[in-house]
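Visitor: Prediction below, plus the sequence it came from.
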Amino acid sequence: MGNITPKDADAECNIKSENINAKLEYRAWLSYQYESDGGNVESQVDIAKIIPPEKNWLRRDNMSIGTTEKILVTGATDTILDELGNLLDTDSYVWTGTSSAGDATDNNCASWTNNTNVYLGTIGHPASAESPGWTNYEVQDANIRLCNNKHYIYCFRAF
């Protein structure tokens, strides 16, 4: 994933959506942190908190997956589409950097700027039927979370 900022990921979501839902703005479900020169966290972007809790999130085919509050509590079980709106393989993983509470985790591939096997990223499993697996999936093999892996990103829009 690394070497792409969340803003770039948003742009990627929108570029890939041009043939699906033109003129709709999508956001990548990626949370991250900024660090100061001293190594202290200055601020973080918690994607789940950018959108008001009562707003609905839509996936690529305009199906509502629920409000921020709902999907954080019950899980986004209808998120198994890739960025083009195609069904994902049930063995797929998705970069999120987002905890089950909607906060940025410490594992975010150096704020999504490093794609080496030195860093870890928080992943989701789109086929996970319960929260928090869809956004914060616990895997036995930590190698799956290494930032040099190729995983999908969730692209949603809020309305």
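Guide: Ah, there it is. Numbering: from 1, shown residues only.
Visitor: can we go C-alpha only for contacts and neighbour counts from here?
Guide: Fine.
Visitor: quick one: buried residues of stretch 117-126?
Guide: Under the neighbour-count criterion of 16 or more other CA atoms under 10 Å, stretch 117-126 has Y119, L120, G121, T122, I123, G124, H125, P126 buried.
Visitor: Hmm, W95 and the last one touching each other?
Guide: In this case it means P126. No - between P126 and W95 no contact is recorded; they are 10.4 Å apart, counting by CA atoms under 8 Å.
Visitor: so how far does stretch 136-148 reach from one end to the other?
Guide: With CA to CA, to the nearest Å as the measure, stretch 136-148 spans 18 Å from end to end.
Visitor: Tell me which residues of that stretch come out buried.
Guide: By neighbour count on 16+ other CA under 10 Å, the buried set for stretch 136-148 is N136, Y137, I144, R145, L146, C147, N148.
Visitor: Stretch 148-159 now?
Guide: Neighbour-count burial for stretch 148-159 flags N148, N149, K150, H151, Y152, I153, Y154, C155, F156, R157, A158 (criterion: 16+ other CA under 10 Å).
Visitor: Let me see the confidence value for the first one.
Guide: N148 carries a pLDDT value of 93.
Visitor: is it fair to say it lies in a strand?
Guide: No - the assignment for N148, made by DSSP: H, G, I helix; E, B strand; the rest coil, is coil rather than a strand.
Visitor: Quick check: it vs W57, distance?
Guide: Remark: distance between N148 and W57 (CA to CA) = 29 Å.
Visitor: returning to that earlier point: can you flag which of the buried residues of stretch 148-159 belong to helices?
Guide: Here DSSP state H is the test, and the buried residues of stretch 148-159 give no hits in helices at all.
Visitor: which of those lies closest to A28?
Guide: Of all the buried residues of stretch 148-159, A28 sits closest to C155, with 4.6 Å by CA to CA.
Visitor: And the helices in the chain?
Guide: Going by DSSP H, the chain shows helices at 6-17, 47-50, 68-74, 109-112.
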